[in-house]
Each structure stands twice: as structure tokens, then as C-alpha cells.
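Enquirer: Curious how this folds, go ahead:
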Amino acid sequence: MSHPSRAPLADHVIVISRFRVSDAERPDFLTAADDALAALTAQDGCLAADLAQATDDPHLLLLRTEWAGIGAYRRALSAFDVKVRAVPLLSTCLDEPSAFESVRHWDGERIVSHTSGLAADAGAVGLGHAAGPDVDPVTS
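Expert: As a prediction, the model looks like this:
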């Protein structure tokens with residue numbers, strides 16, 4: 001499987017999943033996290049992954065992955081191996097947004113801005129609604 005060395009940051013997606021893990025749960029959690037990391041990093045488009053612990057709270061852990069775009073991340077979540085090895089762990093993370101797209105980055109010389117891919121009506125559109133206020137009706 002090919003892993004791109006760096007995605008164009010306009011499409012770069014960072015996924016952060018935070019977990020609250022007790023001392024008793026920690027050994028099983030770490031085993032599951034290792035398995036999840038192996039499954040995720042085997043997917044095309046995975047640029048980086050790590051498990052981190054909060055420096056001031058030993059029970060707060062973070063699983064961070066970086067992807068070559070939202071499509072790569074979504075395809076990875078659809079892979080059978082990820083569904084079996086990573087999704088069970090990911091389903092135990094804190095209930096909060098976890099996927100972020102790069103809208104500003106430092107390129108080594110300056111701050112570069114990128115347009116967000118978030119739809120303007122993302123907070124208003126739901127199941128059974130049109131995808132935007134300017135959607136023309138279908139004519140027959």
C-alpha cells in the first residue's frame with residue numbers, strides 16, 4: 001500500500017479521538033489501541049498516527065490520525081479490517097467532534113489559508129432536506 005509522504009494541506013484531515021480510561025481499563029485499552037493503530041495505518045491515505053496521554057491527567061488519552069483528505073479517512077473507516085479492529089475502540093471515545101480539516105498552516109515561511117470544505121448549510125441540513133438553499137427544483 002502506498003502512503004503519500006504529505007497531502008496537500010488544503011485536503012489534509014486530522015482526526016482526534018479522546019478517551020477517558022481508568023487504571024483498571026488501561027491494559028485492555030492499550031492492547032485495543034495498538035490493534036486500532038495497526039489497522040488504521042495500513043490504510044491508503046493514512047499519513048500519521050499516534051496515541052498520546054495528557055501530561056496532567058493520566059486517565060485522558062488521545063488517538064490522533066492524519067489523512068490525505070476526508071475521502072481517504074472515510075474509505076479507511078469502511079475497510080473491513082478497520083471495522084473489526086478500530087471501530088470498536090473508536091466507539092468508546094468521548095462524544096465530541098473528531099475530524100478537522102486544515103484551514104491555516106505554516107509552510108515554513110508564512111501562514112497559508114485554505115478554504116473550508118464545510119458546507120455553508122451544514123448546521124441546517126438534515127436527513128430528508130435538500131443539500132442547500134439554492135437547489136433548483138427538478139423540472140419535467
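
Enquirer: Let's test this: mean pLDDT of the strand ranked longest in the chain, rounded?
Expert: Scanning the chain for the longest strand, with DSSP state E as the assignment, gives strand 57-67. Mean per-residue pLDDT for strand 57-67: 97.

Enquirer: What helices and strands are in contact with it?
Expert: strand 13-20, helix 26-41, strand 46-54, helix 70-78 (3 or more C-beta pairs under 8 Å, 6 or more residues apart in numbering; DSSP states H and E). The C-beta positions use only the backbone N, C-alpha and C, and glycine is treated the same way.

Enquirer: Can you point out the buried residues in that strand?
Expert: For strand 57-67, burial by neighbour count (16 or more other C-beta atoms under 10 Å) applies to 61, 63, 65-67.

Enquirer: Ok, stretch 15-22 next?
Expert: Those would be 15-19, 21, for stretch 15-22 by 16+ other C-beta under 10 Å.

Enquirer: Mind pulling up the pLDDT for the residue nearest in space to the middle of the chain?
Expert: Residue closest to the mean C-alpha point of the chain, counted by C-alpha atoms, centre = their mean, is Val15 at 2.7 Å. On the pLDDT scale, Val15 is placed at 97.

Enquirer: helices and strands of this structure: which one bottoms out on pLDDT?
Expert: When each helix and strand of the chain is scored by mean pLDDT, DSSP states H and E, strand 104-106 comes last, with a mean of 85.

Enquirer: helix or strand right after it?
Expert: Sequence-wise, the next helix or strand downstream of strand 104-106 (DSSP states H and E) is strand 111-113.
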